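# how does the following fold in three dimensions:
(chains A and B)
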Amino acid sequence: MIPELGHFALILALSLALVLSIFPMIGSLNNTPGWIALARPAALGQFFFIAIAFGCLVSSFLTDDFSVAYVAQNGNTLLPDVYKVSAVWGAHEGSLLLWVFILSGWTVAVSLLARHLPNVVLARVLSVMGMVSIGFLSFLLFTSNPFARVFPVPLQGGDLNPLLQDPGLAIHPPMLYMGYVGMSVAFSFAIAALIGGRLDAAWARWSRPWTTVAWMFLTIGITLGSWWAYNELGWGGWWFWDPVENASFMPWLAATALIHSLAVTEKRGAFKRWTVLLALLAFSLSLLGTFLVRSGVLTSVHSFAADPARGLFILIFLCIVIGGSLSLYAARAPSVSSGGRFDAFSRETLLLGNNLLLVIITAFVLLGTLAPLIYDALGWGKISVGFPWFNRMFVIFTPFLVLLMGMGPLTRWKHQDPGDLARLLRIALLVSLGGGILAALPLLHKGSVWAGLAVMLSLWIVSSLALSLRQRLRYRKGVAGLWQDLGTKGSGSYYGMVVAHFGVAVFIIGVTFVLQYEIEKDIRLSPGESTELAGYTLRFDGVQAHQGPNYRADRGTIHVLKDDREIALLHPEKRVYTVQTKPMTESGIDVGFTRDIYVSLGEGLGNGDWSMRLYYKPFVRWIWFGGLLIAIGGLLAASDRRYRIAVRDPLPALGNDGLIANGGS
Amino acid sequence: MTPKRRKRLILIALMVAGVGVAIAVALKAFNENLMFFYTPSAVAGGEAPAGHLIRVGGLVTNGSVKRQADGLTVTFDITDNAETITVQYTGILPDLFREGQGIVARGRLQNGSNLFVAEEVLAKHDEKYMPPEVADALKSAHKSSADGAATGGVTP
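Model (predicted):
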């Protein structure tokens, strides 16, 4: 009964999505207020019914209703309740349902929070979101119904993949999807603006906070995924350049370019066409990411053949979204003015450089991700792209990005005298060069050119941020004025930028130090035996059997000693989950601010001996700490007061709707 | 040409040059980092280059896993049911590594022998999952030799 209710609710939601995508759009084009007014209730109704459907699937999992095929595959009576809920998005059908659920949530959020938008614009934005929703709801209903029944009803479910039974992964997909789907808001704003022919500073200001919030969720999602991989996969890696990871990273890169480009469009009215293109790109990459990951095209080209209906649907949907939006762009873009002028050396130019670099990186990640598919399709052989290549690419491009990152905040819009900037940045240059050289020399630690480069880049960011802060607070009574400054208009954006850029500095240190100074040791230990790792003594005290709620484990005991004093007790485990009988490595980690000690069990070698892998991971936490700071920066920027109050300020070129406004020129 | 125009032109030229160099460097590195996949049959047939980083894959032959005295170095055979090659690996094998299972190994072929020294052994985190390359290798070996399938008894 409940599954049918959910199925029915999904069908109703699809009908409402149809209403939402047709009537407000037509109403906005021929000015029919009654039709325009349909947008909000339709958005609310759609959300309501999808929420019901989602609730139905959750309840099927909680009540272990194995007559539902999806629950039978991914649920289990022994599963703790938390993981019964997270099992909802543990596989294809449910994660798509989560996708549309979040999409309808964003739609409602836009309809409720964007009250300052002119009704016509709001109607178009919601309408475009409705169209996206139609695509996903029909994909769900016609090819991957999560409520399909199975007969005979199995007595026990197939259980959730043990790898996914981890708190990090329980919240990782929802966060990531919040980001992916959030890009649909930026996309819808862009499409609505293209339809209305109104690409101006006002449009950028409306779409900016939404884009920043979506980008923030994407950042959190990716950071969580990396943290999960480190904790759960037992190999001590935090990023593998796996196609699945790349699929989430590409929209992030495009969105990072987008939020910077939106800043130029809002402040200076420039880059308008480029910004729209980035919004389309970011969302297209989000779609590509969702589909590639979930359809399994990337891990195996043959998944297409496994369910041709799904593959075909995906291809058609992608073609419609990308092709449709690009055609609209091609039709409308020529009539958009080029907007605010700027000199060869100005903040605009630096941001253009940033955009260029980010887009190139995105293109290369895309190349590396799709190359195996292309080679296979063309019969050139089966390849994989080694991850040294991805790393090298980042080493090539990151220094340029960071150079611009330091200069950007201190550079004026429109025109900047290079000499002035050089004088201003003299100290930052000295600090970063000095620090970099010190770090490269073997003074405290064995030196490394790469560590030196990382320290130099980080110090460059940090010191230029300090200079920028000093400049900002000079007329605001110094540090005492900081608190006062925090509440003013525009300060959220500024401090958000400071925090996020600082996060990048932290991240660079984390990544480089871990890669340079990490120590890995594969070893065989007998009970009572000790080994030395980076100045720590690790004593192995054997392995005992341990019984968990839905798994059995071999649980090792390892004492970590420093100068003969015990500082940590680690319990790495080798688990076998009862239902799927999959072995799983649960690593034992001693977490620290400047280093982690990471132990994972290999296998029993007889006589109580075990092979195990020991890692010393300096500064590894800084990677996720940096990611967190970047996300907090996004939150600060999105909460800027000016998005809530300044909308009624007169804006340049707020022409009549429906006309092609020549914004900002 | 006004000075302003000239400045802008120089800027654009610089950007194009920079982007060009970056793309050239990255593409060159890309070609160097491509790892080709070879089936045991291809390795036995001498198609795989020795000393290069490549990937091989197949089913781990039953009874072939041998551990050396240090407890960490392992040798095992992988097969596509037509040909078999020996893989040597030092370190901890993935959780899902076992006999009869499809695996992919990354490493180098020793000069003058068919011993493959692996840097990394991958077994996917799903026991029903077979690496697509391995599935293909089995399929093509099955097609090319009629007696091939009889030895392993594993359906691709």
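# every contact and neighbour count from this point should use C-alpha atoms.
Will do.
# can you tell me the helix or strand for the closest residue to chain A within chain B?
Distances between chain B and chain A by CA to the nearest CA are smallest at B:Phe36, namely 4.3 Å. Element membership of B:Phe36, judged by DSSP states H and E, is strand B:34-38.
# show me what that strand is packed against.
strand A:383-385, strand B:53-60 (3 or more CA pairs under 8 Å, 6 or more residues apart in numbering or on different chains; DSSP states H and E).
# most packed of the ones you listed?
strand B:53-60 (a mean of 26; mean count of other CA atoms under 10 Å in any protein chain shown).
# how far off centre is that one?
5 Å (CA atoms, centre = their mean, to the nearest Å).
# for A:Trp389, see how far away the residue most central in space within chain B is.
Against the mean C-alpha coordinate of chain B, by CA atoms, centre = their mean, the closest residue is B:Arg55 at 1.5 Å. Look at B:Arg55 and A:Trp389: by CA to CA, to the nearest Å, they are 16 Å apart.
# can you pull the contacts of the residue of chain B closest to chain A?
B:Phe36 makes contacts with A:381-384, B:54-55, as judged by CA atoms under 8 Å, 6 or more residues apart in numbering or on different chains.
# give me the mean pLDDT for stretch A:541-560.
The average pLDDT within stretch A:541-560 is 88.
# buried residues in it?
For stretch A:541-560, burial by neighbour count (16 or more other CA atoms under 10 Å in any protein chain shown) applies to A:541-543, A:550-560.
# equivalent analysis for stretch A:34-41, please.
Neighbour counts over stretch A:34-41 (16+ other CA under 10 Å) mark A:35-40 as buried.
# and stretch A:103-119, by the same measure?
Neighbour counts over stretch A:103-119 (16+ other CA under 10 Å) mark A:103-108, A:110-111, A:114, A:117, A:119 as buried.
# same question for stretch A:349-367.
Quick answer for stretch A:349-367 (16+ other CA under 10 Å): A:349-362, A:364-367.
# does B:Leu11 really touch A:Ala344, like I thought?
Yes - under the criterion of CA atoms under 8 Å, B:Leu11 is in contact with A:Ala344, at a separation of 6.5 Å.
# compare neighbour counts for those two and give me the winner.
A:Ala344 (21 against 15; other CA atoms under 10 Å in any protein chain shown).
# any idea which element that one lies in?
Applying DSSP H and E, one finds A:Ala344 in no helix or strand.
# next up, the contacts around it.
So A:Ala344 contacts A:415, B:7-8, B:11 (CA under 8 Å, 6+ apart).
# whichever of the residues you listed end up buried, select them in ChimeraX.
Buried members of the contacts of A:Ala344, defined by 16+ other CA under 10 Å, are picked up in ChimeraX with:
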select /A:415 /B:8
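# which residues touch the residue positioned nearest the centre of chain A?
By CA atoms, centre = their mean, chain A has its centre lying nearest to A:Leu218, at 2.3 Å. When contacts are counted by CA under 8 Å, 6+ apart, A:Leu218 touches A:175-180, A:248, A:252.
# okay, now A:Ala422: neighbour count?
Around A:Ala422 there are 13 other residues, counting by other CA under 10 Å.
# now the helix or strand harbouring it: buried residues?
Applying DSSP H and E as the criterion places A:Ala422 in helix A:418-440. For helix A:418-440, the neighbour count (16+ other CA under 10 Å) marks A:424-425, A:428-429, A:431-440 as buried.
# for A:Pro618, which residues make a bridge with it?
A:Arg595 (DSSP bridges).
# would you agree it is in contact with A:Arg595?
Yes - A:Pro618 is in contact with A:Arg595 according to CA under 8 Å; the separation is 3.9 Å.
# and the top helix by length along chain B, what's its mean pLDDT?
Identified as the longest helix of chain B according to DSSP state H is helix B:3-32. Regarding helix B:3-32, the rounded mean pLDDT is 81.
# what's the spacing between that helix and its chain's center?
34 Å.
# what is it packed up against?
So helix B:3-32, by 3+ CA pairs under 8 Å, 6+ apart, packs with helix A:387-407.
# the helix it packs on - contacts with which helices or strands?
helix A:347-377, helix A:449-474, helix B:3-32.
# can you pull the contacts of A:Lys562?
Contacts of A:Lys562 by CA under 8 Å, 6+ apart are A:535-537.
# okay, and the beta partners of it?
Beta bridges link A:Lys562 to A:Arg565, judged by DSSP bridges.
# residues from chain B in reach of chain A?
Taking CA under 8 Å from any CA of the partner chain as the criterion, the neighbours of chain A within chain B are B:4, B:7-8, B:11, B:22, B:26, B:29-30, B:33-38, B:70-72, B:91-93, B:95-96, B:126-127, B:131-133.
# look at residue 94 and report its pLDDT.
Here I'm looking at chain A. Predicted confidence (pLDDT) for A:Gly94: 89.
# not quite, go with chain B.
For B:Pro94, the predicted pLDDT is 80.
# wait, what's in contact with it?
So B:Pro94 contacts B:121-123 (CA under 8 Å, 6+ apart).
# before we move on, back to that, and among the helices and strands packed on helix A:387-407, the most buried is which?
helix A:449-474 (a mean of 22).
# got the angle for that one vs helix A:418-440?
Taking axes from the mean of the first three to the mean of the last three CA atoms, to 10 degrees, one finds helix A:449-474 and helix A:418-440 inclined to each other by 140 degrees.
# next secondary structure after helix A:449-474?
Following helix A:449-474 in sequence, per DSSP H and E, is helix A:480-486.
# give me the number of residues near A:Thr488?
So A:Thr488, with other CA under 10 Å, has 12 neighbours.
# likewise A:Trp622?
A:Trp622, neighbours per other CA under 10 Å, totals 24.
# which SSE is it in?
helix A:621-638.
# dump that helix to PDB, restricted to CA.
This file holds the C-alpha atoms of helix A:621-638, laid out as PDB (Å, rounded to 0.1, in the frame of the first residue of the first chain):
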ATOM      1  CA  ARG A 621      43.900  16.900   8.300                       C
ATOM      2  CA  TRP A 622      44.700  20.200   6.700                       C
ATOM      3  CA  ILE A 623      43.300  19.000   3.400                       C
ATOM      4  CA  TRP A 624      39.800  18.600   4.900                       C
ATOM      5  CA  PHE A 625      40.300  21.600   7.200                       C
ATOM      6  CA  GLY A 626      41.100  23.600   4.100                       C
ATOM      7  CA  GLY A 627      38.000  22.300   2.300                       C
ATOM      8  CA  LEU A 628      35.900  23.200   5.400                       C
ATOM      9  CA  LEU A 629      37.300  26.700   5.400                       C
ATOM     10  CA  ILE A 630      36.500  27.100   1.700                       C
ATOM     11  CA  ALA A 631      32.900  26.000   2.400                       C
ATOM     12  CA  ILE A 632      32.600  28.400   5.300                       C
ATOM     13  CA  GLY A 633      33.800  31.200   3.100                       C
ATOM     14  CA  GLY A 634      31.000  30.300   0.700                       C
ATOM     15  CA  LEU A 635      28.500  30.500   3.500                       C
ATOM     16  CA  LEU A 636      29.800  33.900   4.600                       C
ATOM     17  CA  ALA A 637      29.700  35.200   1.000                       C
ATOM     18  CA  ALA A 638      26.200  34.000   0.500                       C
END
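# got a list of contacts for that helix?
For helix A:621-638, the surrounding residues in contact (CA under 8 Å, 6+ apart) are A:208-210, A:212-213, A:215-217, A:219-220, A:223-224, A:226-227, A:492-511, A:592-596.
# next, the angle helix A:387-407 makes with the strand holding B:Phe36.
Using the same axes, to 10 degrees: strand B:34-38 against helix A:387-407 is 160 degrees.
# buried set for strand B:34-38?
Buried residues in strand B:34-38 (16+ other CA under 10 Å): B:34-38.
# ok so, going back, closest to A:Met1 among the contacts of A:Leu218?
Of all the contacts of A:Leu218, A:Met1 sits closest to A:Tyr177, with 29.0 Å by CA to CA.
# fine by me, we can end here.
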